[in-house]
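Participant: Sequence and predicted structure are below.
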Amino acid sequence: MPELPEVQTIATALHAALCGKIIEAVRFDVPRSFPQGEEGVRRLIGQRIDTVHREGKAILLELSCQETLLIHLRMTGQLLVTTPQSPESLKETLPNSSTRMEFSLSKECTLWFNDTRRFGQVTLLTPLERTLHPYLSTLGPDPLDPEVSAKTLETILQRRPTHRIKPALLDQHNLAGLGNIYCDEALFLAGIHPERRVGSLSSAELHRLFESIREVLTLSLSKGGSTRRDYRLVDGKEGRYLEEAFVYGRTGAPCRRCNTPIEKSKVSGRGTHFCPRCQSLGQEAPSSSTPASKGGRNTP
DNA sequence: CAATCAGCCTGAGAGC
DNA sequence: TGCTCTCAGGCTGATT
C-alpha cells in the first residue's frame, strides 16, 4: 500500500523516465479509473510531460498545457514504465487483468496504470480545479519538508488533544504521507503507544515522534519502500523496507529491542502493531490497568 | 465533537 | 481439492 516513501520513489523514477515525452495515445478501461473518459483523453493527446512530483500520497504530472494529471494509487495501484529496452519478463506481463490505463508516449515509451482493486484514480485537473481539489488543498505539511519541524507537528496535533495519536497521524489533514505501516513504525521508534491521547504526550515525546517519523521515512526511501503485495517500483522491482521493519507485519515475533512478542490490535479499524513493553499506555487505559513499564530508549 | 463503520474492490490465505 | 470466510487499508461520508 503506497505511502510517502513508495510514492516518492515512484515519482522520482517517473520524473527521470517521462520528462519531455509527448502523450500520443491513452486507453482506459472503466470510467471509475479515469472519470474524464474520452473527453479527458482528447485533452491529453499531444501534451508534453514537463515534471513529475509528489504531494502527500498523490503523484502529479505537470503537462505543457498547464493542466495536471493527478494519480492516486490508493491501495493497489501501480505505475510501470516500459520501453523497447525493458526486460521481456516485465513486458510480457503487460497489459493484464489489473491494467486500468495505458499511456503511449513518444520514443516508444509506455506508462501503465495497474490497479487490482480499482480504488485508485487518475484525474485531469485544470489549474483552477487543482487549486480547489478537496484532497490536495487540505493536505497537511510534508514531514520531509525541511521547513517543517517538530514544533509544526506539535502545534497541529495539539489542536485536538483528545484524539488518539495513531488516527491523528493517519489523518492527511494533519500530516501528509503517513499510512498504516510508517505510523506503526514511527510510534514504535518513539516508544509511544498508538492509543495514547495527543494531549497526554509531552513536548519531548512529540519531538521524538517527529524525528522517528523522519527516520523511518528516510530509511524506507533508501530501501525503495515497502512491498507487501502490490507495490512495485516503476521497473517492476519490489521495495525492501519490510525485511527489517520494527513492528509492522511482525505479530508474535520478538521485539528488536526487548524481545517481548509484538502484539497486533485494531485502532480505529486499522491493524496496529506494537511492542507492549516498549510502548506502554501508562495510566491512560480506562479499564484494564497497564503496567507502566518504560521501554528502553536506545537507538537500534 | 470523537469514534466507528460502510462502501469502494479483489485476491491471498486460512479453515473446514 | 475445493469451497467459504476473513482480511488487507486509503479515503470519503454517514451514523452512533
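Facilitator: Done, it's in. Numbering: from 1, shown residues only, chains lettered A, B, ... in the order given.

Participant: And A:Ser113, which helix or strand is it part of?
Facilitator: That one is not Ser; residue A:113 is Phe. strand A:109-115 (DSSP states H and E).

Participant: what's the offset of that strand from the middle of its chain?
Facilitator: 19 Å (CA atoms, centre = their mean, to the nearest Å).

Participant: and it, does that touch DNA strand B?
Facilitator: No. Using CB under 7 Å from any atom of the strand, strand A:109-115 stays clear of DNA strand B, coming no nearer than 8.8 Å. Every C-beta, even on glycine, is put in place using the N, C-alpha and C of the backbone.

Participant: For that strand, which strands pair with it and how are they oriented?
Facilitator: strand A:77-82 (antiparallel), strand A:99-105 (antiparallel) (DSSP bridges).

Participant: average pLDDT across it?
Facilitator: Regarding strand A:109-115, the rounded mean pLDDT is 95.

Participant: low-scoring stretches of chain A, by residue?
Facilitator: For chain A, the stretches with pLDDT under 70 are A:283-300.

Participant: How about the residues of chain A by DNA strand B?
Facilitator: Counting by CB under 7 Å from any atom of the strand, the residues of chain A near DNA strand B are A:32, A:75, A:97-98, A:116-119, A:160, A:162-164, A:167, A:229, A:267-269.

Participant: now with 10 Å?
Facilitator: Within chain A, the residues that sit near DNA strand B (CB under 10 Å from any atom of the strand) are A:30-33, A:74-76, A:96-98, A:115-119, A:159-168, A:171, A:195, A:197-199, A:229-230, A:266-270.

Participant: Of these, which fall within the contact range of DNA strand C?
Facilitator: Residues of the residues of chain A next to DNA strand B in contact with DNA strand C (CB under 10 Å from any atom of the strand): A:74-76, A:116-119, A:166, A:171, A:229-230, A:266, A:268-270.

Participant: Most neighbours of all those residues, which one?
Facilitator: Using other CB atoms under 10 Å as the neighbour criterion, A:Lys166 leads those with 24 neighbours.

Participant: Confirm it sits in a helix?
Facilitator: Yes. Per DSSP: H, G, I helix; E, B strand; the rest coil, A:Lys166 lies within a helix segment.
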